[in-house]
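>>> sequence? don't have it. structure:
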């Protein structure tokens, strides 16, 4: 008859549980200097400034960027500019749309393109208003947001 040796049992695992914080802390590498992600506000501000630069590149006039982040508002930044004709207003819109699309920035909507007197491009936290000069004088929307600080533009 064959005799079988009893199998050696594996050492028993400790059933005591360590607190989750200690386990996680032990498994994470020590912090080293890392690059920080840009703040969301900075990203939206960069988008607004880029739209202003694109408008400038298309010969837009009276360009301003209003910072609405400290005011109760539906958006964070307004970019407001003017063109001297309906064709130029449409060209400014087209330039901004095409350039931002290449950077995967798509508008939620574009209104008023057909008439070319007041085009609104809604990028969520950034809204671009492109006016025919006479229409801008009539509506003067920058007066409604008089409390909003205006960003300094360095357009090239």
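Noted; the coordinates are in hand. Since we're looking at a predicted model, the values are computed, not measured.

>>> quick one: residue 53 from residue 47, how far?
The gap separating residue 53 from residue 47 is 11 Å, by C-beta to C-beta, to the nearest Å. All C-beta atoms are positioned from the backbone trio N, CA, C, and that covers glycine.

>>> specify which residue of the two has the higher count of neighbours.
Using other C-beta atoms under 10 Å, the more surrounded residue of residue 53 and residue 47 is residue 47, with 21 against 18.

>>> ok, the nearest residue to the more buried one once chain neighbours are set aside - how many residues close by?
Nearest residue to residue 47, sequence neighbours excluded (C-beta to C-beta, 6 or more residues apart in numbering): residue 126, at 4.9 Å. By other C-beta under 10 Å, the residues close to residue 126 number 27.

>>> and residue 126, what does it touch?
Going by C-beta atoms under 8 Å, 6 or more residues apart in numbering, residue 126 touches 44, 47, 48, 51, 75, 76, 77, 79.

>>> what pLDDT does the most centrally placed residue in the chain get?
For the chain, residue 44 is the residue whose C-alpha lies nearest the centre (C-alpha atoms, centre = their mean; 3.4 Å). On pLDDT, residue 44 comes in at 92.

>>> in stretch 48-62, what's buried?
48, 49, 50, 51, 52, 53, 54, 55, 56, 58, 60 (16 or more other C-beta atoms under 10 Å).

>>> what do you get for stretch 123-131?
By 16+ other C-beta under 10 Å, the buried positions in stretch 123-131 come out as 123, 125, 126, 127, 128, 129, 130, 131.

>>> among these, give me the pair with the biggest separation.
Distances among the buried residues of stretch 123-131 were taken as C-beta to C-beta; the most separated pair is 125 and 131, at 20.8 Å.

>>> returning to that earlier point: okay, and the beta partners of the residue nearest to residue 47?
Listed by DSSP bridges, the beta-bridge partners for residue 126 are residue 77.

>>> now, the contacts of residue 126 that are in helices?
Counting by DSSP state H, the contacts of residue 126 place 44, 47, 48, 51 in helices.

>>> and the residue nearest to residue 99 when sequence neighbours are not counted, what does it touch?
Nearest residue to residue 99, sequence neighbours excluded (C-beta to C-beta, 6+ apart): residue 54, at 5.2 Å. Residue 54 is in contact with 92, 95, 96, 99, 100, counting by C-beta under 8 Å, 6+ apart.

>>> part of a strand, is residue 54?
No: Residue 54: not assigned to a strand; according to DSSP: H, G, I helix; E, B strand; the rest coil it is helix.
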